[in-house]
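Enquirer: Pasting the sequence and the predicted coordinates here, then a few questions.
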Amino acid sequence: MRQEEQTQVNYYVSLHGDDRAPGTEREPFATLDRARRELRSTGTAGVRSATVWLREGTYYVGETFALTAEDSGTEEAPIRYQAYPGERPVVSGGMRLHGKWEPYRDGIWVCEIPEWRGVSKESLFTELYVNGARQIRARYPNTLNGEPAYLRPLHEPATWPHAEFAFDPATFTGKDWAHPEDAVVHIFGKTRWGNLQWRVKKVDREAGFIHLGDGGYQINDIMQGADGTGIDERSDYYIENVFEELDAPGEWYADRECGYLYYYPPVGLDLRAAVVEVPVLDGIVLCRGTQRNPVRHVSFIGLTFRHAAPTYLQAYEAPSLGDWTIHRGGAVLLEGAEHCEIAYCRFDAVGGNAVFMSLYNRGNRVHGCWMHDIGESGVCLVGSKPLTLGSQHAYPAEITVSSNKIHDIGVYGKQTAGVFISVSRDNIVSHNEIFRLPRAAICINDGTWGGHVIEFNDIYDTVRETGDHGPFNSWGRDRFWCMSQSHGPASHGAGDVCLDARKPVVIRNNRFRDRKGWGIDLDDGSSNYVVRENLCIGVSIKLREGDHRTVENNIFVNGANPPGIHIGYEGNSDRFIRNIVVADSEWDNPEVDIDFQKGVSKGVLYEFIGPPVHGAWVRELDGNVFYNDVGRFLARVHYRPLGSRTETYEWSDWQAMGWDVHSVFGAPLFIDPEGGDYRVRPDSPALALGFRNFPMDQFGLEDDFPDFG
């Protein structure tokens with residue numbers, strides 16, 4: 001006990017504390033920053049294990065809580081910022097407003113906030129929270145049943161990048177806007193791969209045009225507007241931050257020039273007794289070191305992080321040739337960190353990304369956290385190829401993202417994910433439960449290095465607001481990727497894709513449940529993947545142009561699209577072996593992306609689009625079990641050029657072509673599919689072909705996931 005007392009230091013922080021106090025349990029500090037300064041000034045950090053205990057309450061930090069290498073611990077003497085046992089302290093990047101509310105007109109109330117009058121910082125008053133709930137910035141059109149309502153442009157803008165789009169003056173709002181230059185447009189790309197935000201420059205009502213100012217950063221323009229990145233008459237949009245459109249309960253508007261906040265409270269809300277909060281900071285916690293001198297062995301445990309401002313109009317970058325651009329920031333940002341941990345924390349009321357690991361990071365962990373009501377993505381691991389030179393390793397590696405519950409993210413950004421990886425290697429994403437998302441649950445933006453393991457995750461109800469995607473999505477637009485191969489009409493080999501995708505990405509033992517798209521979408525050039533022992537219900541898998549993919553021992557049941565191999569390279573090395581594929585033509589599937597993907601309605605079990613002109617389509621298709629209620633095997637092939645000829649093959653014709661020679665068409669004999677047990681019985685034909693049963697009770701959160709109350 002004496003040795004432990006000598007090596008363990010405890011400091012305490014309380015809302016009722018005093019930064020002049022000694023920081024003991026009876027006389028605590030008042031702020032986190034005071035505890036950090038004490039650790040540094042006494043030389044404790046890195047010498048003795050130290051825990052800073054936060055007591056119950058909300059701590060409005062005022063400025064980002066920043067740690068550098070001087071604040072590091074060691075493996076033997078880590079530093080922890082931790083919730084006091086049994087309590088849930090909140091670390092807020094916002095402030096609470098205490099203005100005097102008065103009735104204004106038409107159900108709207110107003111309070112004066114003179115301290116913010118004329119303040120130009122753009123992150124102020126971009127969100128409003130009342131009793132912990134995000135409110136709606138005054139917009140047109142209003143929300144319907146809590147969901148955004150949208151308009152559509154009349155036609156595609158004439159220029160790229162976009163400068164304006166047309167609206168119908170007869171159906172547009174009739175209210176005159178005094179300050180249209182303060183408004184923000186939220187608009188989807190024309191094929192709903194994601195959305196973009198622009199400032200409004202001018203509204204020309206006579207001509208029927210909305211002229212756009214800065215913005216439109218959120219989607220990589222590799223397609224130069226020719227595909228899903230552009231906007232046209234299909235692009236749903238709404239416009240917010242317009243005072244004249246404050247006309248519905250839950251809406252608000254901040255007049256920063258005059259220092260007034262306007263709010264239309266819902267019926268029954270006592271506004272004078274409500275807790276009203278706004279974000280002030282873009283980031284709440286920053287751990288920033290360097291590769292040579294990193295922040296080490298610092299943990300944040302059991303804390304709640306709230307009120308980081310939206311960042312969708314700040315700087316974005318394309319870390320690689322994947323569809324994404326990103327804002328390099330988050331409520332908690334780690335850059336130049338080693339063996340740091342964010343554990344059992346809650347993130348909500350965050351306007352941008354929740355956790356962002358930027359550039360050099362090694363061996364960090366995000367574990368047991370609950371992330372919801374997030375403006376953009378949950379956890380981002382993003383490096384930089386241009387900065388990775390010689391001995392400079394500007395990318396995250398060996399990061400573990402495990403047992404996190406991530407849902408209802410992408411409030412603002414729709415090209416977002418529960419876990420996003422780009423220019424990184426050797427990460428583990430395991431035992432997470434991820435659901436209710438606008439796009440992917442897990443996205444790997446490029447083939448750079450690989451080595452990731454995606455395992456035991458439970459993923460469902462994704463791709464709710466976007467299209468042409470899957471719960472897991474990847475791209476591989478690396479040095480050998482070819483636009484002409486991908487989008488026609490070229491046909492050639494893949495090149496040495498493993499020079500970029502050096503290690504295989506392993507996707508195993510996950511459960512994907514959804515009703516549209518592909519459960520596992522290996523898109524444009526994704527290469528060097530091993531996909532095995534996954535259960536896909538309502539979705540399947542797509543292998544677009546790429547190479548060295550093995551899909552083995554998976555179960556695909558009633559996929560919205562059948563397993564597909566699209567735009568294959570010549571001399572392809574892909575293998576689709578020992579899988580079970582079931583398609584029920586009566587399965588209720590109202591949301592299928594495009595016409596040629598309506599495979600389940602016809603019992604189609606394979607889909608090939610644009611197979612290579614020369615050479616084998618793939619290396620091996622064999623040892624699989626197929627079954628549908630149509631009573632016969634069906635494979636559909638769309639030959640090049642796309643749409644010129646489509647053939648449907650039945651069993652004998654398919655095998656005569658050399659495919660699935662040892663495969664079987666017959667019932668797989670699942671043990672209890674209604675109860676979620678898709679293991680097969682001992683007499684299943686799949687076992688005779690080498691299929692191996694795998695556990696059905698290990699998906700999702702681990703036992704130590706906390707009760708957040």
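Expert: Ah, there it is.

Enquirer: how much space is there between the closest residue to residue 525 other than its chain neighbours and residue 309?
Expert: Spatially, and ignoring its direct neighbours in sequence, residue 525 is nearest to residue 476 (3.4 Å; Cβ to Cβ, 6 or more residues apart in numbering). Yep, even glycine has a C-beta here, placed from its N, CA and C like the rest. Using Cβ to Cβ, to the nearest Å, we find residue 476 at a distance of 34 Å from residue 309.

Enquirer: picking that back up, please look at the residue nearest to residue 525 and residue 499 and confirm they touch.
Expert: No - Residue 476 is beyond contact range of residue 499, at 11.9 Å (criterion: Cβ atoms under 8 Å).

Enquirer: what about the two, which has more around it?
Expert: Neighbour count, other Cβ atoms under 10 Å: between residue 476 and residue 499, residue 476 has more, with 32 against 11.

Enquirer: residue contacts, that one?
Expert: Residue 476 sits next to 446-447, 497, 500-501, 522-527, 546 when contact means Cβ atoms under 8 Å, 6 or more residues apart in numbering.

Enquirer: Output the below-cut-off pLDDT ranges for the stretch 151-300 of the chain.
Expert: 156-162, 221-229 (pLDDT under 70).

Enquirer: Check the chain too.
Expert: For the chain, the ranges with pLDDT under 70 are 1-6, 118-123, 156-162, 221-229, 586-601, 642-643.

Enquirer: Nearest the middle, which residue of it would you pick?
Expert: Taking Cα atoms, centre = their mean as the criterion, residue 417 is the residue nearest the geometric centre of the chain, at 1.1 Å.

Enquirer: That one - nearest residue in space that isn't next to it in sequence?
Expert: Leaving aside its chain neighbours, residue 417 sits nearest to residue 443 (4.1 Å; criterion: Cβ to Cβ, 6+ apart).

Enquirer: Double-check that the one you found belongs to a strand.
Expert: Yes - assessed with DSSP: H, G, I helix; E, B strand; the rest coil, residue 443 lies in a strand.

Enquirer: Kindly state the beta-bridge partners for it.
Expert: residue 420, residue 473 (DSSP bridges).

Enquirer: Residue 324 is in contact with that one, correct?
Expert: Yes - taking Cβ under 8 Å as the definition, residue 443 is a contact partner of residue 324 at 7.3 Å.

Enquirer: Mutual contacts of these two, please.
Expert: residue 420.

Enquirer: got a list of what residue 433 touches?
Expert: Neighbouring residues of residue 433 by Cβ under 8 Å, 6+ apart: 404-407, 457-459, 700-701.

Enquirer: Now render the residues you listed as a markdown table, adding distance to residue 31.
Expert: A markdown table is the format used below for the contacts of residue 433 (distance: Cβ to Cβ, whole Å):
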| residue | distance to residue 31 |
| --- | --- |
| 404 | 28 |
| 405 | 30 |
| 406 | 30 |
| 407 | 32 |
| 457 | 38 |
| 458 | 39 |
| 459 | 39 |
| 700 | 37 |
| 701 | 33 |
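
Enquirer: from these, which is closest to residue 97?
Expert: residue 407 (28.5 Å; Cβ to Cβ).

Enquirer: Specify the beta-bridge partners of the closest one.
Expert: residue 372, residue 435.

Enquirer: what about it, distance to residue 551?
Expert: For residue 407, the distance to residue 551 - Cβ to Cβ - is 28 Å.

Enquirer: What is the burial count for residue 107?
Expert: 15.

Enquirer: Could you verify my assumption that it touches residue 263?
Expert: No - taking contacts as Cβ under 8 Å, residue 107 lies outside contact range of residue 263: 9.8 Å.

Enquirer: Now do the SS call for the residue nearest to residue 525.
Expert: Here residue 476 takes the coil state, with states given by three-state DSSP.

Enquirer: could you measure it against residue 280, distance?
Expert: As judged by Cβ to Cβ, residue 476 and residue 280 stand 40 Å apart.

Enquirer: what does residue 453 give?
Expert: 38 Å.

Enquirer: Could I get the buried residue list for stretch 562-575?
Expert: Within stretch 562-575, the residues scored as buried using 16 or more other Cβ atoms under 10 Å are 562-570, 572-575.

Enquirer: got a list of what the residue nearest to residue 417 touches?
Expert: By Cβ under 8 Å, 6+ apart, residue 443 lies in contact with 324, 417, 419-421, 472-474.

Enquirer: Nearest to residue 298 among these?
Expert: Using Cβ to Cβ, residue 419 comes nearest to residue 298 of the contacts of residue 443, at 21.6 Å.

Enquirer: What distance do you get for the closest one to residue 457?
Expert: Distance of residue 419 to residue 457, given as Cβ to Cβ: 9 Å.

Enquirer: overlap in contacts of the two?
Expert: Common neighbours of residue 419 and residue 457 (criterion: Cβ under 8 Å, 6+ apart): 429, 432, 434, 441-442.

Enquirer: neighbour count winner among residue 453 and residue 280?
Expert: Taking other Cβ under 10 Å, residue 453 and residue 280 do not tie; residue 280 has more neighbours (22 against 17).

Enquirer: Isn't that one up against residue 308?
Expert: No - assessed by Cβ under 8 Å, residue 280 is found out of contact with residue 308, at 9.2 Å.

Enquirer: what do the two both touch?
Expert: The contact sets of residue 280 and residue 308 overlap at residue 93 (Cβ under 8 Å, 6+ apart).

Enquirer: Residue 686 falls within a helix, correct?
Expert: Yes - Residue 686: assigned to a helix according to three-state DSSP.

Enquirer: Is residue 562 part of a helix or strand, or is it coil?
Expert: Strictly by three-state DSSP, residue 562 counts as coil.

Enquirer: Pull stretch 417-433 out as CSV, backbone CA atoms only.
Expert: Only the C-alpha atoms of stretch 417-433 are listed here, as CSV (Å, rounded to 0.1, in the frame of the first residue of the first chain):
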residue,chain,number,x,y,z
ALA,A,417,-19.2,7.1,-41.6
GLY,A,418,-19.1,5.6,-38.1
VAL,A,419,-15.4,4.8,-38.7
PHE,A,420,-13.5,6.4,-41.6
ILE,A,421,-9.9,5.3,-42.6
SER,A,422,-7.7,7.0,-45.2
VAL,A,423,-3.9,6.8,-45.8
SER,A,424,-3.4,4.5,-42.8
ARG,A,425,-2.4,0.9,-42.0
ASP,A,426,-2.8,-2.0,-39.6
ASN,A,427,-5.9,-0.8,-37.7
ILE,A,428,-8.4,-3.0,-35.8
VAL,A,429,-12.2,-2.1,-36.0
SER,A,430,-13.9,-4.7,-33.8
HIS,A,431,-17.1,-5.4,-31.8
ASN,A,432,-18.7,-2.0,-32.7
GLU,A,433,-22.5,-1.6,-33.0
